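Enquirer: need a structure here:
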Amino acid sequence: MNKLTNIFALALVSVALVGSPAAAGGHKNSNSLKNSNTIVDVAASAGQFNTLIAAAKAAGLAGALAGDGPLTVFAPTDEAFAALPAGTVENLLRPENKEQLVAILTYHVAPAKLKASDVVARSSIETLNGQSPEITVDGSEVRIDGANIVSVDIAASNGIIHVIDKVLLPPTKMSASSKTRKVIDLAIAKGAPMYNHGNAQACADIYEVAATSLLTMDDSLNRDQRRVLQRAIARANDTHSASRSAWIMRDALDAVYDGSMPMMLTAN
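Expert: So this is what the prediction gives:
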């Protein structure tokens, strides 16, 4: 699968209280964007997410979030990436750091369409990473994991974009088994409908993103689980059938979920 043919554009949540311009703190609302544009198109045309798009390409996340959606993307601007310690972005873009990059990017995406009014009503947002960044509201200021939400409700045909001023970094410590199952549950909930509606490639990409994300969690997988996922990714990328790729990845995720690794390791 050539995952560099599409761009996975992420956008971070920017919140305004519906119907109350004063409560929105003067944030810009961009609902006028054409609904025919996907999240990828909108982010690319904005001109302020170049680093994010480059990171998505390097992570190999093509197609995973370019399907029907709906999705909510929390997008750090180029300035947000520039504020990271010197050399951080360059280091993350290296091929050997792909798994870490995937973990960071998937921490910025929710598998649902969440408008600003939905965001402020929550204390946290469940992401494709499996972890949930915290939402805090202080008067007219809304933050996600400490990042300011600076622009909200940017419409796209397959979801919605909110802009933030800081790159979100997922916690390094997490509950192993519950985190693993949560990531798999989210991937299947998002991927299975895509497969059933004829988009096997997008389904396969989402499953691979989930598997790659799990491999970044040092304390979440045992040796056999890692071998199953690594083997599945290699096999899925070695086939020219999107349907076959999706099933290879699904079987591996199911095996990790229910503990049937020995059978998977001995299967052809």
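Enquirer: strands of the stretch 151-268 of the chain, start to end?
Expert: Along the stretch 151-268 of the chain, counting by DSSP state E, counting those that start in this stretch, strands occupy 159-164.
Enquirer: so Tyr257 sits against Arg181, correct?
Expert: Yes - between Tyr257 and Arg181 a contact is recorded at 6.1 Å, counting by CB atoms under 8 Å. Every residue, glycine included, has its C-beta placed from N, CA and C.
Enquirer: what do the two both touch?
Expert: The contact sets of Tyr257 and Arg181 do not overlap (CB atoms under 8 Å, 6 or more residues apart in numbering).
Enquirer: bridged to Ile135, which residues?
Expert: Going by DSSP bridges, Ile135 is paired in beta bridges with Ile144.
Enquirer: you'd agree it is up against Glu126?
Expert: No - Ile135 lies out of contact with Glu126 (CB under 8 Å); the separation is 11.2 Å.
Enquirer: is Gly191 in contact with Ala246, as I believe?
Expert: Yes - Gly191 is within contact range of Ala246, at 7.2 Å (criterion: CB under 8 Å).
Enquirer: doesn't Val150 belong to a strand?
Expert: Yes - Val150 sits within a strand when classified using DSSP: H, G, I helix; E, B strand; the rest coil.
Enquirer: could you shift the numbering so residue one becomes 14, and keep it that way?
Expert: OK, 14 is where the count begins now, so the last one is Val163.
Enquirer: pLDDT (mean, whole number) over stretch 173-186?
Expert: If you average the pLDDT over stretch 173-186, you get 88.
Enquirer: how far does it sit from its chain's centre?
Expert: The chain centre lies 10 Å from the centre of stretch 173-186; the measure is CA atoms, centre = their mean, to the nearest Å.
Enquirer: swap in stretch 53-72?
Expert: 13 Å.
Enquirer: so for Ile148 and Glu139, which sits in the more crowded spot?
Expert: Ile148 (19 against 15; other CB atoms under 10 Å).
Enquirer: roughly how far does Glu154 sit from Phe87?
Expert: 16 Å (CB to CB, to the nearest Å).
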